[in-house]
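>>> what shape does this take:
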Amino acid sequence: MRDRMPAPVLTVLTVLTASVGCYDIPDYAGLISQAMAGIPQNQTQGAPLVHGELTIAVPGSASVTVAPRYCRSGEPASFAGVDLVSDGADATLVRVVEDPLLGTRLRIERAGGAAPWILDAARCRTLAAGLHRTGVAINRVNLLQGSLVVDCTAEDGTVIAGQVHYRACHTSPEADAAVLAVTDGARIAALPLVPDAAEATTLPPALQGLRVLPTVRVVGATIDGETPEQARAACLEGTRTFVTQRGWVPVADAGAPHDLDIEFACSGHVVYRTVGAMTEIELPDASGPSVRIRSGGAEIATIPPAPRRWRCESPGTLAAREGACSARVGRYNDARLARMIAESAPLAAWSARRAAPP
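Okay, the predicted model is just below:
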């Protein structure tokens, strides 16, 4: 009887896909199960694909224990190493890079945290990363296995210590999403928080009671299902409300007598990105000032647009959070615009000339 043929040194698997709508999603779980059959048993049995913990002790703060849940190969991103990432409240990304000249280097980033920690042998009492190819590849990306043992002190005094072991490390949509949550979380945390909207500034007496013709322009693409005409109508309704709240008299017909015509820029859409308790609000890029104020065809004043990106923190469901954040940005923008109109030197000069005797 012939012995069973040994497993090949290199097993290459092509992507199996599960159709979802009009997209094909790789069946990574099935692929890795197949790939594991090509790895010797002593490398595959027992522990989960990623296990171990790292403790992060920031000076002056309670230490945090991070247990990576996913491992993502660095080969698709053109670096020798892996990303070890945890999700949830303590989402953390540990990038392990094996540099042939500089040795092992770590980049540790936490969602909502400060700048990432960069570690190398000079900052570590122990820094060992055993990274190996298993001899199995999926779509020409090798499955990796190895471990990380670390005991280091970062430049700011943070102590990072522990060990993590991983096997059959490749990539997956879940790992990609977890990495993105950390990197997006750190970026969103650096954005300015939407300020609390103070009471809208009362206009000076010389600017009260004016007849104002509001016009609008929509900046950026409109949301799905909304026509440009509908977007413009919604924008015009909001600007008329703003005009009325300032104590001005809105004028609907350009041929009717009016003191000022004011062009308002409205966002055609808003993009929300939520990570944990934080939501990023991104407005479209406004080309030019957000408000132009004219009289008799001559431009009097312009008011620049507010920042495009904000951070908002609000509890509740995703939909409720986005609605609350959108309302908060709207209140802040209204208060900001009213204040800048009230404090506009060119507009004050115009009103003084208007009030001067002929």
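>>> can you list the domains in this protein?
The chain is divided into the following domains under automatic domain parsing: 11-189, 205-355.
>>> state the next helix or strand along the chain beyond the helix or strand that contains residue 84.
Residue 84 belongs to strand 81-86 when assigned by DSSP states H and E. Per DSSP H and E, the first helix or strand lying C-terminal to strand 81-86 is strand 92-99.
>>> which parts of that following strand are buried?
92-98 (16 or more other Cβ atoms under 10 Å). All C-beta atoms are positioned from the backbone trio N, CA, C, and that covers glycine.
>>> thinking again about what came up before, need the domains of the chain in TSV (columns: distance to residue 196 and mean pLDDT).
Below are the domains of the chain laid out as TSV (distance: least, Cβ to Cβ, whole Å; pLDDT from 0 to 100):
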stretch	distance to residue 196	mean pLDDT
domain 11-189	19	78
domain 205-355	8	86
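>>> quick one: which of these is nearest residue 197?
domain 205-355 (3.8 Å; Cβ to Cβ).
>>> what element comes up after the helix or strand residue 148 falls within heading to the C-terminus?
Secondary structure from DSSP H and E places residue 148 in strand 141-153. Later in the chain than strand 141-153, the nearest helix or strand by DSSP H and E is strand 159-169.
>>> so what touches the helix or strand just after that next one?
Moving toward the C-terminus from strand 159-169, the first helix or strand encountered (DSSP H and E) is helix 173-189. Here helix 173-189 makes contact (Cβ atoms under 8 Å, 6 or more residues apart in numbering) with 25-26, 28, 69-72, 83, 85-87, 91-93, 109-113, 116, 273, 275-276, 278-280, 311.
>>> among the residues you listed, the buried ones, what's the PyMOL command?
Remark: buried members of the contacts of helix 173-189, expressed as a PyMOL selection using 16+ other Cβ under 10 Å:
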select buried, resi 26+28+69+70+71+72+83+85+86+87+91+92+93+109+110+111+112+113+116+273+275+276+278+279+280+311
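>>> mind checking which of the contacts of helix 173-189 are in strands?
25-26, 70-72, 83, 85-86, 92-93, 109-110, 273, 275, 278-280, 311 (DSSP state E).
>>> re earlier: in CSV: the domains of the chain, plus distance to residue 195.
Below are those laid out as CSV (distance: least, Cβ to Cβ, whole Å):
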stretch, distance to residue 195
domain 11-189, 17
domain 205-355, 6
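>>> now do the same for residue 243: helix, strand or coil?
Classification of residue 243 using DSSP: H, G, I helix; E, B strand; the rest coil returns helix.
>>> who does the closest residue to it other than its chain neighbours form a beta bridge with?
Counting by Cβ to Cβ, 6 or more residues apart in numbering, residue 250 is the residue found nearest to residue 243 once chain neighbours are left out, at 4.7 Å. With DSSP bridges applied, residue 250 shows beta-bridge pairing to residue 212.
>>> quick one, what contacts residue 250?
Counting by Cβ under 8 Å, 6+ apart, residue 250 has contacts 212-214, 240, 243-244.
>>> next, residue 215: secondary structure please.
What three-state DSSP gives for residue 215 is strand.
>>> that one: what's it in contact with?
Neighbouring residues of residue 215 by Cβ under 8 Å, 6+ apart: 261-264.
>>> what's the separation between it and residue 229?
15 Å (Cβ to Cβ, to the nearest Å).
>>> with residue 348 instead?
37 Å.
>>> who has more neighbours out of these two?
Higher neighbour count among residue 348 and residue 229: residue 348, with 15 against 10, using other Cβ atoms under 10 Å.
>>> name the helix or strand for that one, please.
Residue-wise, residue 348 maps onto helix 345-355 under DSSP H and E.
>>> alpha carbons of that helix, as PDB, please.
Output in PDB follows, covering the C-alpha atoms of helix 345-355 (Å, rounded to 0.1, in the frame of the first residue of the first chain):
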ATOM      1  CA  ALA A 345     -18.000  96.300   9.100                       C
ATOM      2  CA  PRO A 346     -19.000  96.700   5.400                       C
ATOM      3  CA  LEU A 347     -22.600  96.100   6.200                       C
ATOM      4  CA  ALA A 348     -22.400  98.700   9.100                       C
ATOM      5  CA  ALA A 349     -20.900 101.200   6.700                       C
ATOM      6  CA  TRP A 350     -23.600 100.600   4.200                       C
ATOM      7  CA  SER A 351     -26.300 101.100   6.800                       C
ATOM      8  CA  ALA A 352     -24.700 104.300   7.900                       C
ATOM      9  CA  ARG A 353     -24.600 105.700   4.400                       C
ATOM     10  CA  ARG A 354     -28.200 104.700   3.900                       C
ATOM     11  CA  ALA A 355     -29.200 106.500   7.100                       C
END
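>>> ok, residues contacting that helix?
204, 206-207, 259, 293, 295, 300-301, 341.
>>> what's the burial count for residue 319?
Residue neighbour count, defined by other Cβ under 10 Å, stands at 9 for residue 319.
>>> and the strand holding residue 84 with helix 173-189, angle?
On the basis of axes from the mean of the first three to the mean of the last three Cα atoms, to 10 degrees, strand 81-86 is oriented at 70 degrees to helix 173-189.
>>> which secondary structure elements does strand 81-86 sit against?
The contact analysis (3 or more Cβ pairs under 8 Å, 6 or more residues apart in numbering; DSSP states H and E) places strand 81-86 against strand 70-73, strand 92-99, strand 124-138, strand 141-153, strand 159-169, helix 173-189.
>>> and the longest one, what's buried?
Right, the one you point to is helix 173-189. Buried residues in helix 173-189, counted by 16+ other Cβ under 10 Å: 175, 178-179, 181-186, 188-189.
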